[in-house]
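Novice: show me the folded form of this:
(chains A and B)
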Amino acid sequence: AQKVTQAQTEISVVEKEDVTLDCVYETRDTTYYLFWYKQPPSGELVFLIRRNSFDEQNEISGRYSWNFQKSTSSFNFTITASQVVDSAVYFCALGSNYQLIWGAGTKLIIKP
Amino acid sequence: EAGVVQSPRYKIIEKKQPVAFWCNPISGHNTLYWYLQNLGQGPELLIRYENEEAVDDSQLPKDRFSAERLKGVDSTLKIQPAELGDSAVYLCASSSRWGGDTDTQYFGPGTRLTVL
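Specialist: Okay, here's the model as predicted:
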């Protein structure tokens, strides 16, 4: 069975702190994709990153970075020097056979 | 490039009334998805289209929900009659089968449905 677990339901930090959102997945497929999406209070799901199963290179984009480790089936997301505008619900998703399996989401609250 | 367009953004209806949602995907995207999202949860797939063909409608409650994508571009999702439990956000997404961005789904702003 395919599954995505985001164990952190809600995280609250003070602005400028670093924060890591955890994502653990389960799949028997050898080829798959992993995604992170951001859903701010406005409600639109915004695509952040996609990683292919054969590409374990970590990625950095500005204050965002992603750590993909197949050995632990994890695809964690770190925000460095968080800002109030980062407040949102973040979803991790597993893509395989044209389907997306979604985690339950982590609500991130950045306090000024 | 324009993103996925959905209308209306908000809809309030009374139970047993019909309602329809419209979606226009990103230009050139042949795959279109309709999702339902309840508060505090991730999206749940209702139906997936490849061009004009519904290739996965296993989660669509066919007794009251219907969808169409007649020309393989824009799509309409209909509920008739609506029930109280249908109150949710209805999301449309699209993706391309070609290029390095294959199968990455891009979402529209959603339609928030309230059934009274």
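Novice: hmm, who's touching stretch B:88-107?
Specialist: A:33, A:35, A:37, A:43-47, A:50, A:95, A:98, A:100, B:3-4, B:6, B:21, B:23, B:25-26, B:28-39, B:43, B:50, B:75, B:77, B:108, B:110-113 (CB atoms under 8 Å, 6 or more residues apart in numbering or on different chains). Placement of C-beta: from N, CA and C, glycine included.
Novice: what do you get if the cut-off is 6 Å, keeping everything else the same?
Specialist: Contact with stretch B:88-107 is made by A:45, A:47, A:50, B:4, B:6, B:21, B:23, B:25-26, B:29-38, B:43, B:108, B:110-112, as judged by CB atoms under 6 Å, 6 or more residues apart in numbering or on different chains.
Novice: just the buried ones from these, in ChimeraX syntax?
Specialist: The following ChimeraX line selects those of the contacts of stretch B:88-107 that are buried, judged by 16 or more other CB atoms under 10 Å in any protein chain shown:
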select /A:45,47,50 /B:4,6,21,23,25,26,29,30,31,32,33,34,35,36,37,43,108,110,111,112
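Novice: contacts only, for B:Asp57.
Specialist: B:Ile47.
Novice: could you rerun that using 8 Å?
Specialist: B:46-48, B:67.
Novice: for A:Pro40, same thing?
Specialist: A:Pro40 neighbours (CB under 8 Å, 6+ apart): A:46, A:87-88.
Novice: for B:Ser87, see how far away it is.
Specialist: Distance from A:Pro40 to B:Ser87, counting by CB to CB, to the nearest Å: 21 Å.
Novice: and B:Asp74, by the same measure?
Specialist: 24 Å.
Novice: show me what A:Glu26 is bridged to.
Specialist: A:Lys3 (DSSP bridges).
Novice: test my guess that it contacts A:Ala1.
Specialist: Yes - proximity of A:Glu26 to A:Ala1 meets the contact threshold set by CB atoms under 8 Å, at 6.9 Å.
Novice: which one's more surrounded, these two?
Specialist: Each of A:Glu26 and A:Ala1 has its neighbours counted (other CB atoms under 10 Å in any protein chain shown); A:Glu26 has more, 12 against 6.
Novice: any idea of the pLDDT on B:Ile28?
Specialist: One thing to correct before we go on: residue B:28 is Gly, not Ile. According to the prediction, B:Gly28 has pLDDT 89.
Novice: state the distance from it to A:Lys3.
Specialist: 32 Å.
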